[in-house]
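[1] I'd like to go over a predicted model; first the sequence, then the structure.
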Amino acid sequence: MADVVVEQGRLGSSARPRKGAGLRNVLGRKSTVAFFLTLPLILLIALLVLYPALYSIHLATLNKSMQKFVGLGNFTFLFKRDTFWMVVKQSCIFALTAVFFKALIGFIVAHFVNNVPAKKQRKWRGMLLVPWVIPPAMSTLAWLWLFDPSYSAFNYTLSFFGIGPVNWLGDTFWARFSVILVNVWYGAPFFLIMYLAALKSVPDQLYEAASIDGANWWQKMWYVTLPMMRNIIAITTLFSLIVTFANFDIVRILTSGGPLDKTHLFATWAFKVGIEGSDIPLGASVSLFMVPILAIAAIFILRDVSKRGNEA
Amino acid sequence: MSRKTLTRRQFVAATAMSSTALIAAPYVRGAYAAGKVSIGFWDHWVPDANNASRALVDEWAAKEKVDVSIDYITSNNNKIQLTVAAEAQAKSGHDILQMPTWWPHAYSENLEPLNDIMEPLIKQNGEVNGTVKYLGQAGGKWLAVPATPGSQIKGPCSRIDLMKKLAGIDVQEMYPAGAPAKADNWTMDTFLKAAEACQKGGFPFGIGLGETTDSVDTAGAIFQSFGAELVNAKGDVTVKTDAVRQALDYYKKLIAFLPPDAPSWDDASNNKWLISGRGALIFNPPSAWAVAKRDAPQVAEQCWTHGMPAGPKGRFAPFLPYFWGLWSFSKNKEAAKSLLTFLSQPSSIEKFVAASGGYDLPAYANMTTLKTWAEEGPPKGTLYHYPNPNNHQTLSIAASPAPPKIAQQIYFQATLTKMALRYAQGEKMEDTLAWAEGECEGFMRS
């Protein structure tokens, strides 16, 4: 309807040409209106996302005292540091393991919830979303008390079964396990809710047709459910991967990167180097290291999603 | 209606009179005639301790007619460090900002030299210790003024009963209240034997091996007592020395007697260890004892803060001073300097110390025997030796005497505790040294 009105206005004005009609036409266009409506958001993003991002790129090109341009000098310095490569390895282990388990648990629980009768489903959905709703800095503090080196509630419970004490945050393996566990606990509800929405959008007729064709549970899952959920799985995995790679709060609160730097991620190490060590350019370089890798991953995944969208 | 006209003669006379009156009249200061100053203080752990700084600032502001705004900035999660970094970068913010240990050097380019304040203060209050000079001076220039609030020594806080019963050591006799220490036998060897005895008795010493400052400070003092430096004052890497090897060997023996979860300890863990009654000794300022007074009085009345054990190269205690820095972009430098001088007067220092229950330490030699430390308790005199009243030990900071910008990296990367832990967990000595050497070479970038 808006198009018609605009078109009518244009016809009317062309019949009686006058000064300023061109500007009015431009302002009257649907795309111009849309642009102005989104302008506040664009400005907000430019201010809060684009500017800091560009500024951190600028910082990463300076020397330690931030007085000299060193180009890619900070990155070449990092590539020679063993600790940096350890952080790269750990970030990959952390992100890939955590995202895998978040997706797996989210997928399984989404199926359970989907099979719960509609009336009770709301309660379950609400309860299962609780970990995701609580600010992670707060919930991780509760986990810290559960893992506490000396007064762990887990160890207290395990002692009744003659197990432990487990050095949850002081031993390399258990410290890595603990930070991944908390990340999975926090992030799995996001996958759950996305997968649940995807499951609900699969038409029942497809399952009925599959049943008529004699498909068993596994075949329905493999040939109906998974293909129908492919896009949502790809997008949630991508988003979660980006967020998990950039995780800071969980590791900072639970282990601060220890023991022996074995749980540091990009963000926590960047903070250690940049803020605690007063080497902000190096910290900026550490935090920017993953940007090109994640950007390439994002391009491939999103291209694949849009290709499938077009096929559909 | 009458109409007055102003003649040329009248106009000249009136102008001359007004000008004379303006020039000759006495200067009357309004409320805030001397402008504005803003100050960012460290937000004190001790409840109500901030009141002392607020009252002092208000007193000065009323006297000098300056409008002062105060912010209290917590050091939790490095908030105060983040504020320093942000203000230095923005070239805007407070006029005076309290900053911990390494930060005056880290932002030395943005700080106003304060020799004109420090030289008279030293004449008045006595000499400052070596660590304050090391952290607060660069090339003969005072970068900041040592602040009493927050400055602390992280020496031993022992349980009188447990040390006597399990290790046969009477800490009160060794460090008597109101008298100089008689601690010649309080050496690293005695300390190790006591650690073993207390661990066997079920009350291990609570020394962290994590990456936070308490763990690093203890490691720094122990390394220094063996003369072990990773980087020397000239900036040369000196990791592969006998002194470093000796320190690592000592630490390996000590770690065997520490709680198994010590590698994951943070700065709160040792406090909890003491307050819960599980340990016989921790290295900490009297904050743990102060909390115990409230939460576990039976523990608090057995606590005694005292000096460090001596190693082959001396007796070193971890000292962490705070500083007040004046930004070079401050808009009211003269008023800010006047405020800093006022806050460093003996009467002000005494108020800071009293308000913090003895936690805060002045940096000046003449200010280590205030009555607060003699009177605090229970037990009475428990803090007498906390401010190092008899210069019984050398106050130092981990990673010194390396140039501060390098030492800061060693300190915050916890290279010392990591070395000790790696070696204690079975890594070969030479591998640990090679790793530390590589790390230190990485810290040299400028």
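    Arrived safely.
[2] low-confidence stretches in chain A?
    For chain A, the stretches with pLDDT under 70 are A:1-20, A:149, A:308-312.
[3] return the residues of it in contact with chain B.
    A:63-67, A:77, A:80-83, A:149-151, A:167-171, A:175, A:252, A:255-261, A:271-272, A:275-280, A:282 (CB under 8 Å from any CB of the partner chain). No exception for glycine: its C-beta is placed from N, CA and C like everyone else's.
[4] just the buried residues of these.
    Among these, the ones that count as buried by 16 or more other CB atoms under 10 Å in any protein chain shown are A:63-65, A:77, A:81, A:83, A:149-150, A:167-171, A:175, A:252, A:255-261, A:271-272, A:275-280, A:282.
[5] shaky segments in the stretch 301-446 of chain B?
    For the stretch 301-446 of chain B, no range has pLDDT under 70.
[6] where do the strands sit along it?
    Assigned by DSSP state E, counting those that start in this stretch, the strands in the stretch 301-446 of chain B fall at B:303-305, B:316-326, B:394-396.
[7] adding mean neighbour count and distance to A:Ala295, write those out as CSV.
    Formatted as CSV, the strands of the stretch 301-446 of chain B follow (neighbours: other CB atoms under 10 Å in any protein chain shown; distance: least, CB to CB, whole Å):
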stretch, mean neighbour count, distance to A:Ala295
strand B:303-305, 26, 55
strand B:316-326, 26, 40
strand B:394-396, 23, 47
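[8] who touches the residue lying closest to B:Met163 once chain neighbours are set aside in this structure?
    Among residues not flanking B:Met163 along the chain, B:Ile169 sits closest, at 4.7 Å (CB to CB, 6 or more residues apart in numbering or on different chains). The contact partners of B:Ile169, taken as CB atoms under 8 Å, 6 or more residues apart in numbering or on different chains, are B:Ser158, B:Met163, B:Thr190, B:Ala194.
[9] can you list these in TSV and add neighbour count?
    Conversion of the contacts of B:Ile169 to TSV gives the following (neighbours: other CB atoms under 10 Å in any protein chain shown):
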residue	neighbour count
B:Ser158	28
B:Met163	24
B:Thr190	17
B:Ala194	24
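[10] rewinding a little: take the strands of the stretch 301-446 of chain B and write them to JSON lines, including distance to chain A.
    What follows is the strands of the stretch 301-446 of chain B, written out as JSON lines (distance: least, CB to the nearest CB, whole Å):
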{"stretch": "strand B:303-305", "distance to chain A": "19"}
{"stretch": "strand B:316-326", "distance to chain A": "14"}
{"stretch": "strand B:394-396", "distance to chain A": "20"}
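[11] could you say which helix or strand holds the nearest residue to A:Leu129 once chain neighbours are set aside?
    Among residues not flanking A:Leu129 along the chain, A:Pro189 sits closest, at 4.9 Å (CB to CB, 6+ apart). Per DSSP states H and E: A:Pro189 is located in helix A:172-200.
[12] just checking, B:Met99 is part of a strand?
    Yes - the assignment for B:Met99 by DSSP: H, G, I helix; E, B strand; the rest coil puts it in a strand.
[13] quick check, it in contact with B:Val84.
    Yes - at 5.1 Å, B:Met99 counts as touching B:Val84 under the criterion of CB atoms under 8 Å.
[14] who touches both of those two?
    Listed as contacting both B:Met99 and B:Val84 by CB under 8 Å, 6+ apart are B:Tyr107, B:Gly325.
[15] need the strands for the stretch 151-300 of chain A, in chain order.
    Using DSSP E, counting those that start in this stretch, strands in the stretch 151-300 of chain A do not occur.
[16] quick one: buried residues of stretch B:381-400?
    Counting neighbours by 16+ other CB under 10 Å, stretch B:381-400 gives B:381-389, B:392-400 as buried.
[17] got the contact list for residue 279?
    Here I'm looking at chain A. Contacts of A:Asp279 by CB under 8 Å, 6+ apart are A:Lys64, A:Val273, B:Gln409, B:Arg445.
[18] correction: the question concerned chain B.
    Neighbour list for B:Gly279: B:Arg159, B:Cys198, B:Phe203, B:Pro204, B:Phe205, B:Gly206, B:Pro259, B:Asn270, B:Trp273 [criterion: CB under 8 Å, 6+ apart].
[19] and the residues you listed, which two are furthest apart?
    Across these, the longest distance by CB to CB is 15.2 Å; it joins B:Arg159 and B:Pro259.
[20] not counting its neighbours along the chain, what's nearest B:Lys36?
    B:Asp67 (4.6 Å).
[21] what is the burial count for that neighbour?
    15 (other CB atoms under 10 Å in any protein chain shown).
[22] could you do A:Asn247 as well?
    Neighbour tally, A:Asn247, other CB under 10 Å: 23.
[23] and the nearest residue to it once chain neighbours are set aside, what does it touch?
    If the residues on either side of it in the chain are set aside, A:Asn247 comes closest to A:Leu265, at 5.8 Å by CB to CB, 6+ apart. Counting by CB under 8 Å, 6+ apart, A:Leu265 touches A:Val87, A:Gln90, A:Ser91, A:Phe94, A:Phe245, A:Asn247, A:Phe248, A:Val251.
[24] same thing but 7 Å
    A:Leu265 makes contact with A:Val87, A:Gln90, A:Ser91, A:Phe94, A:Asn247, A:Val251, according to CB atoms under 7 Å, 6 or more residues apart in numbering or on different chains.
[25] out of those residues, the closest to B:Trp265 would be?
    Of the contacts of A:Leu265, the one sitting nearest to B:Trp265 (CB to CB) turns out to be A:Val251, at 16.4 Å.
[26] that closest one and chain B, how far apart?
    To chain B, A:Val251 is 12 Å away according to CB to the nearest CB, to the nearest Å.
[27] and that residue, what does it touch?
    Residues in contact with A:Val251 (CB under 7 Å, 6+ apart) are A:Val179, A:Gly257, A:Thr263, A:Leu265, A:Thr268.
[28] taking the stretch 101-250 of chain B, what residue is nearest to chain A?
    B:Ala106 (3.7 Å; CB to the nearest CB).
[29] make JSON lines out of the contacts of A:Asp279 and add distance to B:Ser38.
    Shown next, in JSON lines, are the contacts of A:Asp279 (distance: CB to CB, whole Å):
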{"residue": "A:Lys64", "distance to B:Ser38": "29"}
{"residue": "A:Val273", "distance to B:Ser38": "30"}
{"residue": "B:Gln409", "distance to B:Ser38": "31"}
{"residue": "B:Arg445", "distance to B:Ser38": "34"}
